[in-house]
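Peer 1: Got a sequence here, can you model it:
(one chain, ligands or ions: 2)
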Amino acid sequence: MAPPNPRPKVLVPEKVSQDGLQILQASLDVDEKTGLSADELRSIIGGYEALIVRSETKVTAALLEAGKKLRVVARAGVGVDNVDLDAATRLGIIVVNSPQGNINAAAEHTIALLMATARNVGNASLGIKNGKWERSKLVGVEVKGKTLSILGLGKVGLTVARAAGGLGMNLVAYDPYANPSLASGANVEMLSSMDELLEQADFLTIHTPMIASTKGIIGASELSKMKPTARILNVARGGIVDEEALLAALEGGSIGGAGIDVFTTEPPKEGDSAWKLIQHPKVTATPHLGASTVEAQENVSVDVCSQVVSILAGQLPRSAVNAPIILPEEYRTLQPFVTLLEKMGSLYTQHFSPASTAHRMTTSFEVTYEGSLASTSNTKPLFASLIKGLVSPITSPDTMNINIVNAELVAKERGIRISESKSRDPVEQEGYSASVTLRARLDPRSPSASRKADLIDSRSKARTHKLADQVITGYVSNNQPFISRLGRFHTNFVPSGTLLVCRNNDQPGKIGVVGGLLGRAGVNINFMSVAPIEHRSEDEGESQQNGMEHEALMILRVDKKVDEAVRKSLIGEEGVLEASVVVL
Ligand SMILES: NC(=O)C1=CN([C@@H]2O[C@H](COP(=O)(O)OP(=O)(O)OC[C@H]3O[C@@H](n4cnc5c(N)ncnc54)[C@H](O)[C@@H]3O)[C@@H](O)[C@H]2O)C=CC1
Ligand SMILES: O=C(O)C(=O)COP(=O)(O)O
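Peer 2: Ligands and ions are numbered 1, 2, ... in the order given. This next block holds a predicted model:
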């Protein structure tokens, strides 16, 4: 007689709350083995189907390769910086996390640091333990009636806002991608520039993800715009605030204080900038305690353990960091379009709504599946990849990874509305049979806000795009996605790599000017396409009659990231009206 199938085995090498582990024990064998060295872990991992970690275990490619039976790695928390995601994806191992479970804990810790910095709690506690009875030196400020400036109004930022509102604070935020109805529900005034946010702050609290565009977003120049009494709180990620610049501002007296939970190196090493900040008398510091509450640890444990059970039972997880957006049986027909939709969404956000523009991102869109794609009955993967593309330039996969299971929920949370339609008309161009068009629409929920944004656009035409012109069309040929329309321009390029998109007056010499500036910045051009204007909005037609020049769109694929300073220097240069850098 064949032996019964053994129960799948789960290895837990870190302290993870029992509430989740009990869920596993019903159907799986759970081994809790803390204190293993990397070699010991590697020598036993081959016997396990699942691995559950927090931030201490280094889940390297070598460990994953040794896990011959491994199907899932679960991170009981948000950040997956300790997991080699590329290796896991290559080996077909799903990595799950818990992007919701510790939001409240992180927000409450922010409030703890807010009050601690306002009332000198850290220094007072240290002094009294050392036998000092200092009172006049430790007079604080009240937070009631003060302005809390929130950078990043996502899950944690909103929770902080609601609590700080209860303390009687005035709430303002800067987040071009925030959900406006959630903001107004929490009495948060959305500002249209980061400068306003900095200037108004009595306290500045940071809740963005740590991504390329937010690294060092608060540096010396930003700090110099703040009141000298202002205090800064960072419970997001080390490095969003430039540590050297903050240290200099505290030492020079141009910033009043700081409450910091997260650092560029954790734990900090003696002598580095994080170390010096921690030692500074105007800083209240904690060792990355944002998620360290009993309740948050229960939440993240239950969340990831239930996902481990689902995955081992062959179902799709709720929040997989590297889950496929598409089921294997649909792969061949839909995958190229899934890639196309993701690229179109990402191109939209980076080109039409980069973080540097002064108005919030449009959240209403219409997507039309054209030609043979109109007969696809399952557009869920296409919808999911469009949402993924729209939000991926502004989120880290840690805090929000999108797949077919959670795409609708994420869209709802973000206030993104997409109406899908199909057009069976044959597509015009030769060489392909299906295309997709994405159009921004007036947000029906806040027409005045959107019209205001449009007005801003038309006043500063050189910089921004009218809503009606925010259109992208793409198609797939030989399994390769292409973009055939960008804004008012017919074009044809492959959406991949680093692209510099310049709108300019259509006169000779432009290519030389841009090429020369890039060359001096050490950036090589690998591909170039120039598209003259084709689609005209109504007032564009009028401008043409009034003798305004023709415009063209120049798209250059370059071999490395173009610095913000170089991008800005291109604008105005011999008729270049606008330049955006897009990484696809
Ligand atoms: N200290 C700790 O233990 C913990 C820290 N965190 C950190 O908190 C942070 C926030 O997490 P969530 O709220 O869950 O993320 P989220 O993704 O829900 O929200 C982030 C918000 O930042 C906005 N944003 C992105 N780029 C921006 C920019 N350039 N300017 C202004 N806003 C921008 C996004 O639009 C979004 O609304 C993350 O960095 C996360 O890693 C989260 C949990 C625990
Ligand atoms: O969940 C996260 O990303 C956090 O920042 C908390 O990390 P931790 O589980 O406390 O090491």
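
Peer 1: Tell me which helix or strand residue 502 sits in.
Peer 2: strand 498-505 (DSSP states H and E).

Peer 1: Over to residue 516?
Peer 2: Per DSSP H and E: helix 510-520 holds residue 516.

Peer 1: and the angle for that helix with strand 498-505?
Peer 2: 140 degrees (axes from the mean of the first three to the mean of the last three CA atoms, to 10 degrees).

Peer 1: Would you pull up the residue in the stretch 1-150 of the chain closest to ligand 1?
Peer 2: residue 106 (3.7 Å; CB to the nearest ligand atom). All C-beta spots, glycine's among them, are computed from the backbone N, C-alpha and C.

Peer 1: Report the contact partners of the closest residue to ligand 2 within the stretch 251-400 of the chain.
Peer 2: Nearest residue of the stretch 251-400 of the chain to ligand 2: residue 291, at 3.5 Å (CB to the nearest ligand atom). Going by CB atoms under 8 Å, 6 or more residues apart in numbering, residue 291 touches 77-78, 102, 105-106, 297, 300.

Peer 1: pLDDT score assigned to it?
Peer 2: On pLDDT, residue 291 comes in at 93.

Peer 1: please renumber so the chain begins at 843
Peer 2: That works, and once the first residue is 843, the last one we named lands at residue 1133.

Peer 1: just checking, residue 1098 touches residue 1065?
Peer 2: No: when contacts are counted by CB atoms under 8 Å, residue 1098 is not listed as touching residue 1065 (11.1 Å).

Peer 1: burial measure for residue 881, as a count.
Peer 2: 7 (other CB atoms under 10 Å).

Peer 1: Do stretch 1103-1122 and ligand 2 come into contact?
Peer 2: No: applying CB under 6 Å from any ligand atom, one finds stretch 1103-1122 separated from ligand 2 by no less than 7.3 Å.

Peer 1: can you list the residues that contact the strand holding residue 1344?
Peer 2: For strand 1340-1347, the external contacting residues (CB under 8 Å, 6+ apart) are 1193, 1328-1329, 1335, 1352, 1356, 1360, 1391-1404, 1409, 1412, 1417-1426.

Peer 1: how does it look with 7 Å?
Peer 2: For strand 1340-1347, the external contacting residues (CB atoms under 7 Å, 6 or more residues apart in numbering) are 1193, 1352, 1356, 1391, 1393-1400, 1402-1404, 1412, 1417-1426.

Peer 1: and the residue nearest to residue 910 when sequence neighbours are not counted, what does it touch?
Peer 2: Residue nearest to residue 910 in three dimensions, not counting chain neighbours: residue 888, with 5.0 Å by CB to CB, 6 or more residues apart in numbering. Residue 888 sits next to 908-911 when contact means CB under 7 Å, 6+ apart.

Peer 1: which one of these sits closest to ligand 2?
Peer 2: For those, the nearest to ligand 2 is residue 909 (21.4 Å; CB to the nearest ligand atom).

Peer 1: So the closest one is in contact with residue 886, correct?
Peer 2: No: counting by CB atoms under 7 Å, residue 909 sits too far from residue 886 to count as a contact (9.8 Å).

Peer 1: And those two? Which one has more around it.
Peer 2: Set side by side, residue 909 and residue 886 show more neighbours around residue 909, with 25 against 15, by other CB under 10 Å.

Peer 1: So that one versus residue 1365, what's the distance?
Peer 2: Distance, residue 909 to residue 1365, by CB to CB, to the nearest Å: 41 Å.

Peer 1: Kindly report the same for residue 1265.
Peer 2: Relative to residue 1365, and taking CB to CB, residue 1265 is found at 40 Å.

Peer 1: what does residue 1025 give?
Peer 2: When residue 1025 is compared with residue 1365 (using CB to CB), they lie 38 Å apart.

Peer 1: So between the two, which is more surrounded?
Peer 2: Between residue 1025 and residue 1365, counting by other CB under 10 Å, residue 1025 is the more crowded of the two (23 against 19).

Peer 1: any idea which element the more buried one lies in?
Peer 2: Here residue 1025 is assigned to helix 1022-1027, by DSSP H and E.

Peer 1: Let me know the average pLDDT across stretch 1351-1360.
Peer 2: Averaging pLDDT along stretch 1351-1360 gives 82.

Peer 1: what are the C-alpha coordinates of that stretch, in CSV please?
Peer 2: Once non-C-alpha atoms are left out, stretch 1351-1360 reads as follows in CSV (Å, rounded to 0.1, in the frame of the first residue of the first chain):
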residue,chain,number,x,y,z
GLY,A,1351,18.0,72.3,-35.6
LYS,A,1352,16.1,71.0,-32.6
ILE,A,1353,17.6,67.6,-32.8
GLY,A,1354,21.1,69.1,-32.7
VAL,A,1355,20.3,71.3,-29.7
VAL,A,1356,18.9,68.4,-27.6
GLY,A,1357,21.6,66.0,-28.8
GLY,A,1358,24.3,68.5,-27.9
LEU,A,1359,23.0,69.1,-24.4
LEU,A,1360,22.6,65.4,-23.7
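
Peer 1: Pick out the residue of this protein closest to ligand 1.
Peer 2: Closest point on the chain to ligand 1, by CB to the nearest ligand atom, is residue 996, at 1.7 Å.

Peer 1: show me the contacts for that residue.
Peer 2: Shown in contact with residue 996 (CB under 7 Å, 6+ apart): residue 1049.

Peer 1: give me that answer again for 8 Å
Peer 2: Listed by CB under 8 Å, 6+ apart, the contact partners of residue 996 are 1017, 1020, 1049-1051, 1237, 1241.

Peer 1: Residue 902 too?
Peer 2: The contact partners of residue 902, taken as CB under 8 Å, 6+ apart, are 880, 926, 929.

Peer 1: can you redo the residues you listed as CSV with neighbour count?
Peer 2: CSV is the format used below for the contacts of residue 902 (neighbours: other CB atoms under 10 Å):
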residue, neighbour count
880, 12
926, 21
929, 16
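
Peer 1: Residues of the protein that sit close to ligand 1?
Peer 2: Residues of the chain lying near ligand 1 by CB under 6 Å from any ligand atom: 920-921, 944-945, 948, 993-999, 1016-1017, 1019-1020, 1049-1052, 1055-1056, 1077-1079, 1103-1104, 1130, 1132-1133, 1197, 1236-1237, 1240-1242.

Peer 1: Just the buried residues from the residues you listed, in PyMOL please.
Peer 2: Selection of buried members from the residues of the chain next to ligand 1 for PyMOL, criterion 16 or more other CB atoms under 10 Å:
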select buried, resi 920+921+944+945+948+993+994+995+996+997+998+999+1016+1017+1019+1020+1049+1050+1051+1052+1056+1077+1078+1079+1103+1104+1130+1132+1133+1197+1236+1237+1240+1241+1242
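
Peer 1: Among the residues of the chain next to ligand 1, name the ones in strands.
Peer 2: Judged by DSSP state E, the subset of those located in strands is 993, 1016.

Peer 1: Contact partners for residue 894?
Peer 2: Counting by CB under 8 Å, 6+ apart, residue 894 makes contact with 852-854, 856, 858, 915-916, 918, 1146-1147, 1150.

Peer 1: ditto for residue 851
Peer 2: Contacts for residue 851 (CB under 8 Å, 6+ apart) come out as 870-873, 889-892.
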